[in-house]
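S.K.: Quick one, fold the following:
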Amino acid sequence: MKWLRELPARLIRYLRDARAELKRVVWPDRRQTTIYTIVVVVSVIAVAIVIWVVDAVLSEILKLLLFGAAGGT
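M.R.: Residues are numbered from 1 along each chain as shown. The predicted model follows:
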């Protein structure tokens, strides 16, 4: 039960350490946040387009393999 007696002190130490760590964080300004947001949105769109193209190509290949050159809808 030693851990139970030490729990409040450990919790307080953890919260103090977390607060001290947050004070050391360098937060981005509005301009950096805007730039990072744009980069993320553009990256997500680019990856979505790549996945869409790969999916379309693989779907067509699968149609050719399953239904032959005559095709089917």
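S.K.: Relative to residue 67, how far out is residue 29?
M.R.: Remark: distance between residue 29 and residue 67 (C-beta to C-beta, to the nearest Å) = 57 Å. From N, CA and C alone the C-beta is placed, and that goes for glycine too.
S.K.: out of those two, which sits in the busier spot?
M.R.: A direct count of neighbours by other C-beta atoms under 10 Å for residue 29 and residue 67 places residue 67 higher, at 11 against 8.
S.K.: Could you tell me how far stretch 49-60 lies from the centre of the chain?
M.R.: Its chain's C-alpha centre and that of stretch 49-60 lie 22 Å apart, by C-alpha atoms, centre = their mean, to the nearest Å.
S.K.: typed the wrong thing, it's stretch 29-36
M.R.: Relative to its chain's centre, stretch 29-36 lies at 18 Å (C-alpha atoms, centre = their mean).
S.K.: what's in contact with that stretch?
M.R.: residue 28 (C-beta atoms under 8 Å, 6 or more residues apart in numbering).
S.K.: buried stuff in that stretch?
M.R.: By neighbour count with 16 or more other C-beta atoms under 10 Å, stretch 29-36 contains no buried residues.
S.K.: Let's see it as PDB, backbone CA atoms only.
M.R.: Only the C-alpha atoms of stretch 29-36 are listed here, as PDB (Å, rounded to 0.1, in the frame of the first residue of the first chain):
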ATOM      1  CA  ASP A  29       2.100  32.400 -34.200                       C
ATOM      2  CA  ARG A  30      -1.000  33.000 -36.400                       C
ATOM      3  CA  ARG A  31       1.100  33.100 -39.700                       C
ATOM      4  CA  GLN A  32       2.800  29.800 -38.900                       C
ATOM      5  CA  THR A  33      -0.400  28.200 -37.900                       C
ATOM      6  CA  THR A  34      -2.000  29.300 -41.200                       C
ATOM      7  CA  ILE A  35       0.900  28.000 -43.300                       C
ATOM      8  CA  TYR A  36       0.900  24.700 -41.500                       C
END
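S.K.: Now it: average pLDDT?
M.R.: Summarised as a single mean, pLDDT over stretch 29-36 is 98.
S.K.: could you pull out the strands for this protein?
M.R.: For the chain, no strands are identified by DSSP state E.
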